[in-house]
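Asker: Let's see this in three dimensions:
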Amino acid sequence: MNTDEFNLEEIDVKARWDELDRDRQTLLRRARECAELTIPSLMPPEGSTQDTDLPTPYQGLGSRGVNNLASKLLLTLLPPNNSFFRLMIDSEVIWELEEQGAKQDVEQQLSKIEDLILKEVEAKAIRVPVFEALKLLIVTGNALSYQPKEGGMEVFKLDQYVVKRNPMGDVLELIIKEAIDFYSLPEEIQNTILAEAEGEESNEEVLKKDYDLFTYVKLDSEKKYWNVAQECEGVTVEGSEGKFKANDNPYIPLRWTASSGEDYGRGLVEEYLGDFVSLESLSKAMIEGTTIASRIIGLVNPSGVTRVRKLMKASNGDFIEGNVDDVNFLQLDKHMDYSLVFQQIDKIETRLKYAFMVMDAIQRNAERVTAEEIRTMAREIESSLGGVYSLLSQEFQLPLIKRLMAQLQKENKLPELPKEVIEPVIITGLEALGRGHDLDKLMYFMKAIEPLGPQVVQQYVVHPEYMQRSATALGLDTEGLIKTQEQIQAEAQQAQKAQMMQQMGPEVMKAEQQQQAQIAQQQQQQQGGR
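Answerer: Okay, the predicted model is just below:
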């Protein structure tokens, strides 16, 4: 279908929504089950409103794990006070710039553009909706981000949109469904609704109802443009039809994992759903059992000499007639059973803490645990997210950067950059993991050659190169931090000169100063004569 021939009136959006909606019902049911065991508000039961009482889990590890992992991902994908991308120049162009001596100037200009884009991220407060999207990804496996021309980012849950992908995972079309009250609808839609409802229902009922607003987004056959339009009650919203370039689509459907042949992703909670179900059941049994066990009920022998009434009326320190063997308290002899339940809960919690990067799980139960051991285990756990980082960098970070660049160019805040020469490259996530492993190798290398002695290390290891590689692995900017060779040579010459002056003595130093003063005076006279 050609982009110029796109006409929403020829498409039954409601029927297309129903068709795609049937394909995701099983996924929705699974997502709601995952949310019920972690954070129920992320995917409430069908038909829920803001006044609906949501289920409360018997354990809080699910909520803690989701929030913890989402926070770590947020700091990795959008690190504060640091860039998560670089504008890279094509290798052939770099050689030409170096020959012309213009490479440094171009890189400085690109650095200013990077700062401008990062300021846009801060100005739009994108981190808040991104945090919500990350929690949705962890629990339900899917989320849809929408970045309008003005304002921040909006996030849609899985029950608010449907999507269709090709076998390669590329998005072909998506439909968003929003419940809109009557007064928020455009005037022409309101008039259509009132005209159709005349005689069938009262105006009061019409005004109280919510109506489905569909946003239809479809990629053209040439994969150059996205066609967008909105429809409500079978009527196209005036002014809603438009087109976006392929790399400037404001609607970005996100996935936690990419499954071959599937239109939607799968969340991390679903992968550990068995553990969450077991933990919920055991926690419920433990809480209910301990609640019963915490009740204090006294038993009195009915054929004994002790009377219950006198026992209840007795004050502290009183004496009454009775036999101690006539009175006892009801106890549940379930200590061994509850200890087994507690041990199983502890095992499940440990597994889930590892999966959701809750850091108190990586410290083994021992008297002495080194900081290096904790860092190594933490890095190993973080490495398990390499697949997630690679997917989010391609489906979220890069589209976000391209969208921001396109907006700034339309606002004339950013010049047009040649796409075949300059491309944004993500430097966090998977790239940061790679640098972390490089740092480990450098540290292990230095430890391996330590037994050879400091003289061997001093003789064979190039220290400036080692420091530069370590800083690169840590993602640090070494400009102004590590001395250049020119600075080192200048300091060495100055120190050598000072030492020579000290050895010559005060008289020689005085003569040297007088000679320098004479040379300076002669230069001034020559300049004055000119």
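
Asker: Give the phi and psi angles for residue 252, as a check.
Answerer: phi -120, psi 100 (degrees, to the nearest 10).

Asker: In this structure it contacts residue 400, no?
Answerer: Yes. Taking contacts as Cβ atoms under 8 Å, residue 252 lies within contact range of residue 400: 7.4 Å. Just so you know, the C-beta spots here come from the backbone N, C-alpha and C atoms, and that holds for glycine as well.

Asker: neighbour-wise, which of those two wins?
Answerer: residue 400 (23 against 20; other Cβ atoms under 10 Å).

Asker: In terms of helices and strands, where is the more buried one?
Answerer: helix 398-410 (DSSP states H and E).

Asker: Show me the contact partners of that helix.
Answerer: 85, 116-117, 120-121, 126, 147, 149, 245, 247-250, 252, 414-417, 424, 426 (Cβ atoms under 8 Å, 6 or more residues apart in numbering).

Asker: how about 6 Å then?
Answerer: Outside helix 398-410, the residues that touch it by Cβ atoms under 6 Å, 6 or more residues apart in numbering are 85, 117, 120, 147, 247-248, 252, 414, 424.

Asker: What number of residues are in the vicinity of residue 108?
Answerer: 9.

Asker: ok, now how distant is it from residue 97?
Answerer: Distance of residue 108 to residue 97, given as Cβ to Cβ, to the nearest Å: 12 Å.

Asker: By mean pLDDT, which helix or strand of this protein comes out lowest?
Answerer: Ranked by mean pLDDT, DSSP states H and E, the weakest helix or strand in the chain is helix 371-383, scoring a mean of 54.

Asker: Beyond that helix, next helix or strand please.
Answerer: That would be, after helix 371-383 and using DSSP H and E, helix 386-392.

Asker: What is that following helix packed up against?
Answerer: helix 430-449 (3 or more Cβ pairs under 6 Å, 6 or more residues apart in numbering; DSSP states H and E).

Asker: The helix or strand just after the helix it packs on - what's its average pLDDT?
Answerer: For helix 430-449, the succeeding helix or strand toward the C-terminus, using DSSP H and E, is helix 454-460. Mean pLDDT, helix 454-460: 78.

Asker: check contacts around residue 335.
Answerer: Per Cβ under 6 Å, 6+ apart, neighbours of residue 335: none.

Asker: so how far is residue 146 from it?
Answerer: Taking Cβ to Cβ, one finds residue 335 at 55 Å from residue 146.

Asker: and what of residue 307?
Answerer: Residue 307 is 75 Å from residue 146, by Cβ to Cβ.

Asker: now residue 322
Answerer: Taken as Cβ to Cβ, the span from residue 322 to residue 146 is 76 Å.

Asker: What helices and strands are in contact with the helix or strand harbouring residue 227?
Answerer: Using DSSP H and E, residue 227 sits within strand 225-232. Packed against strand 225-232, as judged by 3+ Cβ pairs under 6 Å, 6+ apart, are the following elements: strand 210-219, strand 242-245.

Asker: Apply 10 Å and report the result again.
Answerer: Strand 225-232 sits against helix 13-22, strand 171-181, helix 187-197, strand 210-219, strand 242-245, with contacts defined as 3 or more Cβ pairs under 10 Å, 6 or more residues apart in numbering; DSSP states H and E.

Asker: how about the ones you listed, which one is nearest residue 65?
Answerer: Among the helices and strands packed on strand 225-232, strand 171-181 comes nearest to residue 65, with 29.4 Å by Cβ to Cβ.

Asker: got a list of what the closest residue to residue 300 other than its chain neighbours touches?
Answerer: Ranked by Cβ to Cβ, 6 or more residues apart in numbering and with sequence neighbours excluded, the top spatial neighbour of residue 300 is residue 308, at 5.0 Å. Contact analysis of residue 308 by Cβ atoms under 10 Å, 6 or more residues apart in numbering lists 298-300, 302, 322, 326-327.

Asker: again, but for residue 337
Answerer: 285, 289.

Asker: What residues sit buried inside the helix or strand containing it?
Answerer: Counting by DSSP H and E, the element that carries residue 337 is helix 335-355. By neighbour count on 16 or more other Cβ atoms under 10 Å, the buried set for helix 335-355 is 341, 345, 348-349, 352-355.

Asker: and what of stretch 57-69?
Answerer: 57-59, 61-69.

Asker: closest to residue 318 among those residues?
Answerer: residue 58 (42.8 Å).

Asker: give me the element that closest one is part of.
Answerer: Element membership of residue 58 [criterion: DSSP H and E] is none; it lies in no helix or strand.
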